[in-house]
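J.: turn this into a structure:
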Amino acid sequence: MKAHEQIIAPGAEEGWAYADDGFFFGIGAFETIAVSGQTPLFLDDHLTRMEETLKFFGIEAAHADLQALALRACAELDPTGEWALKLTVANRNRIASTRRNPYASPNAKRAFSCDFSSVRRNESSPLTRMKTLTYAENIIEKRRARERGIDEPLFLNTHGEVAEGAVSNIFAVIAGEVVTPPVSCGLLPGIMRRLAIDLTEAIERPFTPSELATASEVFLTNSLMGAMPVTRLGETRFEPGHVSHMVNQAYAEKKHRRKKVVEERSAKLVKPTDKVEGGESR
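T.: Residues are numbered from 1 along each chain as shown. Okay, the predicted model is just below:
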């Protein structure tokens with residue numbers, strides 16, 4: 001059965017999707033990709049992670065088709081803006097939706113306050129390590145945290161070890177070492193997380209909230225915000241440090257280099273006469 005492709009432009013509230021297993025049971029995957037101008041950054045990395053999840057669910061989706069859909073969606077954007085592309089795939093739906101990158105706004109926060117959620121991550125579940133459509137827990141906990149003036153809730157696993165944030169991975173500088181929880185602690189291995197590990201030579205090991213409180217620097221990562229310093233965790237205060245600053249500088253340089261590569265590739269894959277499938281181009 002041919003899947004339905006749809007592109008939803010920024011600000012558009014219209015759209016429709018087939019009621020499939022993604023709708024009924026959350027069996028599907030999504031990726032949120034930073035877009036600079038009309039260039040989706042680290043697209044291949046995101047698609048590779050998505051394809052691993054789709055394989056787990058038994059959903060067939062060709063890499064080239066998903067790439068082309070993403071590029072067509074980005075071709076509709078203002079080339080002077082900074083955007084977020086959400087690519088959602090279930091067995092009958094392929095949806096690309098775009099919006100402005102909230103972290104690129106001049107008024108966006110440059111540091112976060114955090115606290116621990118009462119909800120625990122299930123480190124034994126394979127779904128914890130995937131970006132699936134069963135994402136309600138993350139969104140609800142994020143909303144509850146905001147009601148308390150918290151920017152990002154952090155999850156512990158069932159052993160009481162630090163796992164991840166609602167939409168982020170966590171790093172800390174403890175006793176002079178950059179550390180981050182391993183995937184076995186129950187977390188989604190982010191694209192930005194891998195980049196930060198490579199840049200900082202971070203050690204992947206479990207740590208507890210009490211050990212985290214002794215850190216000289218704490219920061220969060222995801223593909224849209226890069227590295228976000230944490231200045232408060234519960235009652236504990238931190239200062240933004242040089243490690244997160246270094247990660248952001250290196251991330252900006254890598255984005256610039258990859259943007260050039262993707263632009264060259266996009267020029268070959270997306271032609272001016274290409275049409276958006278599945279409804280109007282908005």
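
J.: and the closest residue to residue 254 other than its chain neighbours, helix, strand or coil?
T.: With sequence-adjacent residues excluded and distances taken as CB to CB, 6 or more residues apart in numbering, residue 254 is closest to residue 195, at 7.0 Å. C-beta here means a position set from N, CA and C on the backbone, and glycine is covered the same way. Counting by DSSP: H, G, I helix; E, B strand; the rest coil, the backbone at residue 195 sits in helix.

J.: any idea how far residue 148 is from residue 116?
T.: With the distance defined as CB to CB, to the nearest Å, residue 148 ends up 12 Å from residue 116.

J.: okay, these two: which has more neighbours?
T.: residue 116 (17 against 9; other CB atoms under 10 Å).

J.: where does that one fall, secondary structure wise?
T.: strand 112-121 (DSSP states H and E).

J.: and that strand, what's buried?
T.: Counting neighbours by 16 or more other CB atoms under 10 Å, one finds that the buried residues in strand 112-121 are 112, 113, 114, 115, 116, 117, 121.

J.: farthest pair within these?
T.: 113 and 121 (20.5 Å; CB to CB).

J.: where does residue 210 fall, phi/psi-wise?
T.: Torsion angles at residue 210 (phi, psi; degrees, to the nearest 10) stand at phi -70, psi -40.

J.: in the stretch 1-150 of the chain, which spans are strands?
T.: 4-8, 29-36, 39-40, 82-89, 93-100, 112-121 (DSSP state E, counting those that start in this stretch).

J.: list the contacts of residue 246.
T.: By CB atoms under 8 Å, 6 or more residues apart in numbering, the contact list for residue 246 reads 199, 200.

J.: and it, helix, strand or coil?
T.: Applying three-state DSSP: residue 246 is helix.

J.: against residue 196, how distant is it?
T.: Relative to residue 196, and taking CB to CB, residue 246 is found at 10 Å.

J.: wait, residue 258 touches residue 41, no?
T.: Yes. If you go by CB atoms under 8 Å, residue 258 and residue 41 touch, sitting 5.8 Å apart.

J.: between these two, who's got more neighbours?
T.: residue 41 (21 against 18).

J.: coming back round to it: can you tell me which of the strands of the stretch 1-150 of the chain is nearest to residue 140?
T.: Here strand 112-121 is closest among the strands of the stretch 1-150 of the chain (CB to CB), at 8.7 Å.

J.: what lines up beside the closest one in the sheet?
T.: Strand 112-121 pairs in its sheet with strand 152-157 (parallel), strand 226-233 (parallel), by DSSP bridges.

J.: helices of the stretch 51-200 of the chain, residue ranges please.
T.: Assigned by DSSP state H, counting those that start in this stretch, the helices in the stretch 51-200 of the chain fall at 63-75, 136-147, 191-200.
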